[in-house]
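K.L.:
After the sequence you'll find the predicted model.
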Amino acid sequence: MIRQTLTPRPDWQAKVEALGLIWHEGRERPYWDESACYRFTRAQIDNIERATGELYRLFLAAGEAVVGDPKLLNRFAIPPVFHDPIREAWEAEPPALNFGRFDLGYDGSGAPKLFEFNCDTPTSLLEAAVVQWAWKDECFPALDQYNSLHEALVARWTEIAPALPATLHVAHVEDPAGEDAVTAAYLRDTAEAAGIATIPILMDRIGWNHDTHCFVDEADMRIEALFKLYPWEWLVHEEFAGPLLDNLERGDLSWIEPIWKMIWSNKAILPVLWDLFPGHPNLLPASFSVPNGDAVAKPLLSREGANVSIRKAGSIVAATEGDYGEEGYIYQSLYRLPETAPGCFPVLGSWVVDGAPAGMGIREDGLITSNTARFIPHVIDG
């Protein structure tokens with residue numbers, strides 16, 4: 001795994017914007033950063049792909065353990081009234097992309113280690129699936145890339161389309177940076193490539209019809225299938241929690257992703273995994289209590305590295321701020337990421353679609369990967 005310094009294409013901004021990545025600038029340097037790339041051997045990619053498939057297998061087992069143990073599910077800070085809908089959705093297996101991004105630590109030689117699984121509202125999708133592939137085709141046409149993500153998404157939409165109603169609403173929040181808008185627009189493109197008609201909508205424009213007991217859009221059209229780039233843990237605590245529970249009990253709306261994703265996307269799954277598979281080469285020791293050794297403290301529900309702290313020899317050496325933590329913390333043993341350039345620590349985002357490995361994106365940041373991280377493309381040598 002080699003970090004190679006490059007000269008960015010002179011017109012790179014226009015080229016990534018033409019592919020839909022309108023959100024490409026960072027605070028101090030570009031978010032889409034082609035001033036470098038990572039080069040992997042085929043053996044290294046095979047190692048990452050095997051680890052990704054294995055981690056998905058472990059998550060299936062952990063999900064079974066959680067839905068089958070009320071005491072364990074209580075550790076996830078999920079309102080108890082939503083426990084039964086989670087169990088029912090897990091057992092029923094409603095239509096889902098079942099996609100997500102395993103964030104991994106990897107030094108190029110050892111076993112990739114799981115940091116967490118972003119599988120409810122994963123972003124950095126367009127850049128992983130499309131933008132870095134187009135960059136590779138132009139800059140390294142003779143080389144390969146670990147990337148079948150776009151094809152996998154279209155294929156999965158095609159597979160679940162017969163189980164969906166005629167129209168799919170795709171919702172997100174209006175974020176100033178446009179990251180959620182870009183991701184939602186790309187997922188609409190992949191659904192439409194599979195022949196599914198879509199309607200975009202902002203989350204705050206979704207209404208509830210009290211007479212018909214259903215969610216509706218701005219035109220008062222009933223929403224029968226909804227892809228929402230919006231966390232389940234926010235939905236179950238908001239004003240619409242009552243109607244949401246009513247809707248889930250009726251089962252007349254296909255939620256993509258299903259509510260059972262609340263289990264896998266919660267950091268509480270990490271101690272569960274370690275308890276089930278202690279010593280597994282792709283896992284880091286994790287617990288609900290503060291360990292003796294160096295560790296990373298993570299809130300159960302934090303996003304983009306918020307409220308995370310790194311603890312070495314009893315002292316906090318790095319920390320981020322945010323609005324999380326009241327729900328509780330888990331503690332994961334510290335994995336020392338390789339510093340591939342001064343201040344640059346790469347985290348691999350290994351994607352799955354319907355549980356199958358589908359590609360990879362790499363983000364670079366300091367010791368804690370946050371919303372200031374940069375996306376760095378990659379290629380495969382040989």
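P.N.:
Received, thanks. Residues are numbered from 1 along each chain as shown.

K.L.:
quick one: the residue sitting furthest away from the middle of the chain from Ala36, how far?
P.N.:
Most distant residue from the mean C-alpha position of the chain: Asp211, 36.0 Å away (C-alpha atoms, centre = their mean). As for Asp211, its distance to Ala36 is 57 Å (criterion: C-beta to C-beta, to the nearest Å). Just so you know, the C-beta spots here come from the backbone N, C-alpha and C atoms, and that holds for glycine as well.

K.L.:
contacting residues for Leu276?
P.N.:
Applying C-beta atoms under 8 Å, 6 or more residues apart in numbering to Leu276 gives the contacts Leu58, Ala61, Ala62, Ala65.

K.L.:
strands paired with the worst-scoring helix or strand of the chain on mean pLDDT, and their directions?
P.N.:
Lowest on mean pLDDT, DSSP states H and E among the helices and strands of the chain sits strand 315-319, with a mean of 84. Strand 315-319 pairs in its sheet with strand 309-312 (antiparallel), by DSSP bridges.

K.L.:
mean confidence for the strand it pairs with?
P.N.:
For strand 309-312, the mean per-residue pLDDT is 88.

K.L.:
Quick check: buried residues in that strand?
P.N.:
Ser309, Ile310, Arg311 (16 or more other C-beta atoms under 10 Å).

K.L.:
Pull out the CA atoms of it and give them to me as CSV.
P.N.:
Only the C-alpha atoms of strand 309-312 are listed here, as CSV (Å, rounded to 0.1, in the frame of the first residue of the first chain):
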residue,chain,number,x,y,z
SER,A,309,-11.4,10.6,22.0
ILE,A,310,-8.1,8.7,21.8
ARG,A,311,-6.7,7.6,25.2
LYS,A,312,-3.1,6.6,25.6
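
K.L.:
was I right about Ser366 contacting Phe345?
P.N.:
No Ser there; residue 366 is Gly. Yes - using C-beta atoms under 8 Å, Gly366 is in contact with Phe345, at 6.4 Å.

K.L.:
With neighbour numbers in mind, choose between those two.
P.N.:
Phe345 (19 against 16; other C-beta atoms under 10 Å).

K.L.:
ok, the more buried one - contacts?
P.N.:
Taking C-beta under 8 Å, 6+ apart, one finds Leu337, Pro338, Glu339, Glu364, Asp365, Gly366, Leu367, Thr369 in contact with Phe345.

K.L.:
Spell out the secondary structure type for Leu97.
P.N.:
Leu97 falls in the coil class when you classify it by DSSP: H, G, I helix; E, B strand; the rest coil.

K.L.:
er, Lys228 actually
P.N.:
Strictly by three-state DSSP, Lys228 counts as strand.

K.L.:
How about it: what's its closest non-neighbour residue?
P.N.:
Ala171 (4.6 Å; C-beta to C-beta, 6 or more residues apart in numbering).

K.L.:
Report the secondary structure state of the one you found.
P.N.:
strand.

K.L.:
Next, count neighbours for it.
P.N.:
Ala171 has 22 nearby residues by other C-beta under 10 Å.

K.L.:
Would you confirm that it contacts Thr198?
P.N.:
No - Ala171 lies out of contact with Thr198 (C-beta under 8 Å); the separation is 10.7 Å.

K.L.:
quick one: the helices in the stretch 101-250 of the chain?
P.N.:
125-126, 132-139, 149-160, 179-193, 232-235, 241-250 (DSSP state H, counting those that start in this stretch).

K.L.:
Next, format those as CSV and append mean pLDDT and distance to Trp260.
P.N.:
Output for the helices of the stretch 101-250 of the chain, formatted as CSV (pLDDT from 0 to 100; distance: least, C-beta to C-beta, whole Å):
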stretch, mean pLDDT, distance to Trp260
helix 125-126, 96, 21
helix 132-139, 98, 30
helix 149-160, 98, 16
helix 179-193, 95, 19
helix 232-235, 94, 9
helix 241-250, 93, 11
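
K.L.:
To Glu224, which of the ones you listed lies closest?
P.N.:
When the helices of the stretch 101-250 of the chain are compared by C-beta to C-beta, helix 241-250 sits nearest Glu224, at 11.0 Å.

K.L.:
Test of understanding: give the bridge partners of the residue nearest to Ser124 when sequence neighbours are not counted.
P.N.:
Excluding the flanking residues, the one nearest Ser124 by C-beta to C-beta, 6+ apart is Gly361, at 5.3 Å. Gly361 forms beta bridges with Gly349, as assigned by DSSP bridges.

K.L.:
Could you tell me which residues make contact with Gly361?
P.N.:
Arg101, Ser124, Glu127, Ala128, Gln132, Leu348, Gly349, Trp351, Phe375.

K.L.:
residue contacts, the second one?
P.N.:
What it means is Ser124. Arg101, Gly349, Gly361, Arg363, Phe375.

K.L.:
Now do Lys113 against Pro200, distance only.
P.N.:
Taking C-beta to C-beta, one finds Lys113 at 37 Å from Pro200.

K.L.:
Which of those two has more residues huddled nearby?
P.N.:
Lys113 (22 against 14).

K.L.:
Distance check, that one against Asn47.
P.N.:
For Lys113 relative to Asn47 (C-beta to C-beta), the value is 12 Å.

K.L.:
Then Arg311?
P.N.:
Distance of Arg311 to Asn47, computed by C-beta to C-beta: 29 Å.

K.L.:
One more: Glu54?
P.N.:
According to C-beta to C-beta, Glu54 stands 11 Å off from Asn47.

K.L.:
Can you select the buried ones from the contacts of Leu276 in ChimeraX?
P.N.:
Here is the ChimeraX command that selects the buried residues among these (16+ other C-beta under 10 Å):
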select :58,62,65
